[in-house]
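Trainee: got a predicted structure here, sequence first:
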Amino acid sequence: MRVTMRVNGNDVTREIEGRLLLVHFLRDHLGLTGTHWGCDTSNCGACAVWLDGEPVKSCTVLAAMAGGHEVRTVEGLERRGELDAIQRGFMECHGLQCGFCTPGMLMTTRALLDRHPSPSEQEIREAISGQVCRCTGYATIVRSVQWAAAEQAGTRTTIAANETS
Amino acid sequence: MSTSDNPPTQFVDNNLKPVGHGRMLRKEDARFIRGKGRFIDDIQPSGMLHLAILRAPIAHGRIVSVDVTLAEAHPKVKLVGTGAMLAERGLAWMPTLANDVQPVLATDKVRFQWQEVAFVVADDRYAARDALELIDVEYEQLPVVVDARTALDPSAPVIRDDLSGKSDNHCFDWETGDQQATDAVFAGAEVVVRQDMVYPRVHPAPLETCGAVADYDPIDGNLTLWSTTQAPHAHRTLYAMVAGLPEHKIRVISPDIGGGFGNKVPIYPGYLCTIVASMLTGAPVKWTEDRFENLTSTAFARDYVMRGEIAATKAGKVLAIRTSVLADHGAFNGVAAPTKYPAGFFGVFTGSYDIQAAHCTMTAVYTNKAPGGIAYSCSFRIAEAVYLIERLVDCLADELAMDPVELRLLNLLRPEQFPYTSKTGWVYDSGDYEQTLREALKIADYAGLRREQAEKRARGELMGVGVSVFTEAVGAGPRKDMDILGLGMADGAALCVYPTGTAVLRVSCQTQGQGHETTFAQIVAEQIGIPPADIKVVHGDTDQTPFGMGTYGSRSTPVSGAAAALVARKVRDKAHLFAATMLEATVADLEWNKGSFHVIGNPTKSLTIQQIAKWAYGTGRQPDGVEGGLEAHIHYHPDNLTYPNGAYICVVDVDPGTAAVTVRRFIAVDDCGTRINPMIIEGQVHRGLTDGVGMALMEMITFDEAGNCLAASLMDYLLPTALEVPDWETGFTVTPSPHHPIGAKGIGECATVGSPPAIVNAVVDALKPYGLRHADMPLTPSRLWEAMNGNPRPPM
């Protein structure tokens, strides 16, 4: 079957099998390998992308279901060569280690900040509770989101790095 | 020095970059936050085919027939592989890391559920899976052994009838310590406490599953293998030994790895199937395991049934430890540990305490379960050892009605006792255990917690405080007694400073998220003064890096990190010679000051390392007997392991109505000697603490009586999310390792090892009103409810 959708602002049309999962469509057909696959059962969230602005787990969405809709992936976060605040937050606060869960975490937390520009720690934890990170223990992810929130609000204050080491 | 490294409310200014050690943002993050990491499933050479594996649905059965006719007729199928086909090529069986053997594809029997039976290679991943369903395998079912405690019953079916003369399921026996001395101490002890406990089977479950892409070039005979391996060089050598390929024609590339935790140490049948498939089809072939395959067939961890005994005086002086262990190794002995250590480093079960005697006996058995015995973020079975001793000490505290902290303070090794040779022969390098514990008590406000607990208990609320004090032994290992399949556990490093003053460091370890591209650049920067940004770290490609044993067991910093520091010093020594020539001075006239040599007493007469590099490759005068260029190579064998330690305090609340446990606070104070990048160290600790919550409260690979694996997805094998863990509170002390060139010790796995007993101790402490002394992990609400109500259930 033929499917057409808008991915990261570009219209794409491909001939696909009806059973093709969105995650495999993005990775194998479009070469957008930033979206990862981790569990099959929508428990881990490594495959989270946006479908019409809503985070979804692309391992449990058929590519055909995304036809006519707009998809955004981690590759679409950076705009005009400028990193999104959430991407910078993860770098600044050590919100990643192996980097495998990171694209999904970034998409979910970017969506959170779009709705709640100043989320509480508990709101951040709940927002990412459908996603597994095996490396960070989540505290630095929470800090990363807080960093991005403060950065966007222009309220970020800093201390010297050597004061913590 | 001791202090807390808890996050300030303000954010850290990362513009202040260290020239060497210190907080520094990670170089590798730039690609990951853009989705530009390159993981195994991202590798897509043109013309690539896809491989999928057919697995046995039963735990024990004889293969009667395998019919692949229909699969071969599938229009998109290029190749179907069976055990018989591999047997013709002498490849049906492969050695494990523990000198046992394991089938690549089963030929005679299947011995655990979801064992590899056949593979299909097809044009795309969906077609390969379709064709698996067209393979018809007939099995004759056999009785199974699931519980290690019945594996040696005379009536138990023999699993390993492939081993000649095998008439039972016995795997090995092992012993350490002094039985006579220990028994004598126990016989005369005022107090003896015994506790049976189980460390259940768990799985490292890295978020990226295992996989490989093999690309064999039939013309020149070169094999390029991208694979999820924590030890690319060791794997290359093993492929040469197993598959008979010339080692110089094998290139193993470990690309970005989505977490390892020990799971990516072994060689799996899927890797070999992928290689064979590429050789037979002449095309690149990819195998990507799914989550179900990862959890059911790749290496598990733990699975020890332990009986512990502790002897003490009435005043609380611990005298001796005695333990007997039944180890479940699954269907094949796939334990990943140095050859002379079949039980890994379990011998450190005497913990952080000054005792008179210790003894351990262990029996390992085969069962109809997946093989493994890898570490899951601990250094070779130390998680089991630490759990045993730290639970035993709490049981003793309960028996003596002593505060568990007071009891520990009474028995900790003292700083002046180091280097300390334990009663089981381990030489602890350094530590100040009391200082570490006191730092944790301070951060936690231990006395305040006990007051709060007393108030809550009076109101019928269940709050618990648990402590663990642990010592790890990491950085395998010394050449004299550590090898894997005959390969010494050394690591190589090569450092080249280029004419323009930037540098490339090539290392034999490999990163799965630990941040080596950053910390190893910092190690070199600290030694030669070139900024970390100007030092590229190359790793994970056997054609581009020196030989070494890889990344696991927290060995990167203790072994590879030492190699990096020493090779940088070698380069600096050479630069010293050049500087003397350039400044027309003697070597003794010059002083090094982080980045430059200057004439003693005349700081204006100086040369930077960058200036020296330019000269070294140039046309200027060379020192006598010194070659041009500025580079060096090293192959480093550590003298000893490093012994990081820590003191952890966990605060839990237990719901008396549901037995649900909430980890409210967790305080972790670690001592890993010299700290290279505190940000990365903190991240490593956080990860391990989260592992601890998983193992203590959630994770267990379970089987039913037929050997069906009941934890085959992330719906059934529960991993901690952000809601199950608190905001970690960390601190540190620093006692450098005396034998490591920069005094550093491994830190990657300390928290995984140290946290489970702290959590279980806290839960048991909360349930004191119920008279509970022990409950086995995982302390899920249902299992804990049964324990609270007097019906504790051992995990199965």
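Mentor: In hand now; what should we look at? Quick caveat, the model's predicted, so the values are computed rather than measured.

Trainee: what comes up buried for stretch B:320-332?
Mentor: Residues of stretch B:320-332 classed as buried by neighbour count (16 or more other C-beta atoms under 10 Å in any protein chain shown): B:320-332. For every residue, glycine as well, the C-beta is placed using N, CA and C.

Trainee: between those, which is closest to chain A?
Mentor: Comparing the buried residues of stretch B:320-332 against chain A with C-beta to the nearest C-beta places B:G330 closest, at 22.5 Å.

Trainee: in which helix or strand does the closest one reside?
Mentor: When elements are assigned from DSSP states H and E, B:G330 belongs to no helix and no strand.

Trainee: please tell me how far it sits from B:A343.
Mentor: Using C-beta to C-beta, to the nearest Å, we find B:G330 at a distance of 15 Å from B:A343.

Trainee: and if you look at B:W226?
Mentor: Following C-beta to C-beta, the distance that separates B:W226 from B:A343 is 33 Å.

Trainee: element containing the closest residue to chain B within chain A, please.
Mentor: When C-beta to the nearest C-beta is the measure, chain A has its nearest residue to chain B at A:G34, with 1.9 Å between them. According to DSSP H and E, A:G34 maps onto no helix or strand at all.

Trainee: leaving out chain neighbours, which residue sits closest to it?
Mentor: B:G35 (1.9 Å; C-beta to C-beta, 6 or more residues apart in numbering or on different chains).

Trainee: tell me the contacts of that neighbour?
Mentor: Applying C-beta atoms under 8 Å, 6 or more residues apart in numbering or on different chains to B:G35 gives the contacts A:L32, A:T33, A:G34, A:T35, A:T73, A:V74, A:E75, A:P103.

Trainee: pLDDT below threshold where in chain A?
Mentor: Low-confidence regions of chain A, defined here as pLDDT under 70, cover residues A:159-165.

Trainee: residue in the stretch 251-400 of chain B nearest to chain A?
Mentor: Across the stretch 251-400 of chain B, the shortest distance to chain A (C-beta to the nearest C-beta) belongs to B:G258, at 3.1 Å.

Trainee: quickly list what residue 51 is bridged to.
Mentor: I went with chain A, as the question did not name one. When bridges are called by DSSP bridges, A:L51 pairs up with A:E54, A:V71.

Trainee: look at chain B instead
Mentor: Following DSSP bridges, B:L51 is listed with bridge partners B:V121, B:W287.

Trainee: re earlier: quick one: which of the buried residues of stretch B:320-332 is nearest B:V19?
Mentor: Compare each of these with B:V19 using C-beta to C-beta and the shortest gap goes to B:I321, at 46.2 Å.

Trainee: so who does the closest one touch?
Mentor: With C-beta under 8 Å, 6+ apart, B:I321 has these contacts: B:T182, B:G308, B:E309, B:I310, B:A311, B:F349, B:T350, B:I355, B:A358, B:H359, B:I389, B:L392.

Trainee: quick one, which of these are buried?
Mentor: Here, 16+ other C-beta under 10 Å leaves B:T182, B:G308, B:E309, B:I310, B:A311, B:F349, B:T350, B:I355, B:A358, B:H359, B:I389, B:L392 buried among these.

Trainee: inside helices: which ones of those?
Mentor: Assigned to helices by DSSP state H, the following of those qualify: B:T182, B:I389, B:L392.

Trainee: which stretches in chain A count as helices?
Mentor: Secondary structure of chain A (DSSP H): helices located at A:22-24, A:85-92, A:102-115, A:121-127, A:139-153.

Trainee: scratch that, the stretch 401-550 of chain B is what I was asking about
Mentor: Listed in chain order, the helices of the stretch 401-550 of chain B (DSSP state H, counting those that start in this stretch) span B:404-411, B:433-444, B:446-458, B:516-528.

Trainee: mind listing what's buried in the first one?
Mentor: Buried residues in helix B:404-411, counted by 16+ other C-beta under 10 Å: B:P404, B:V405, B:L407, B:R408, B:L409, B:L410, B:N411.

Trainee: dihedrals phi and psi, B:C650?
Mentor: phi -120, psi 140 (degrees, to the nearest 10).

Trainee: count the residues that sit near it.
Mentor: Taking other C-beta atoms under 10 Å in any protein chain shown as the neighbour definition, B:C650 ends up with a count of 31.

Trainee: OK, now which residue of the stretch 651-796 of chain B is nearest to chain A?
Mentor: With C-beta to the nearest C-beta as the measure, B:H686 is the residue of the stretch 651-796 of chain B nearest to chain A, at 3.1 Å.

Trainee: need the three-state assignment for that residue.
Mentor: Under DSSP: H, G, I helix; E, B strand; the rest coil, the three-state class of B:H686 is helix.

Trainee: that one: what's it in contact with?
Mentor: Under the criterion of C-beta under 8 Å, 6+ apart, the neighbours of B:H686 are A:T136, A:G137, A:Y138, A:A139, A:T140, B:W728, B:T730, B:A751.

Trainee: and if we set it to 6 Å?
Mentor: Contact criterion C-beta atoms under 6 Å, 6 or more residues apart in numbering or on different chains gives A:G137, A:A139, B:W728 as the residues in contact with B:H686.

Trainee: before we move on, what about B:V507?
Mentor: B:A493, B:H539, B:S560.

Trainee: need these in a markdown table with pLDDT and neighbour count, can you?
Mentor: Formatted as a markdown table, the entries for the contacts of B:V507 read as follows, by pLDDT from 0 to 100; neighbours: other C-beta atoms under 10 Å in any protein chain shown:
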| residue | pLDDT | neighbour count |
| --- | --- | --- |
| B:A493 | 98 | 32 |
| B:H539 | 98 | 23 |
| B:S560 | 97 | 28 |
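
Trainee: please convert those to CSV, extending it with distance to B:G513.
Mentor: Converted to CSV, these look like this (distance: C-beta to C-beta, whole Å):
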residue, distance to B:G513
B:A493, 21
B:H539, 13
B:S560, 15
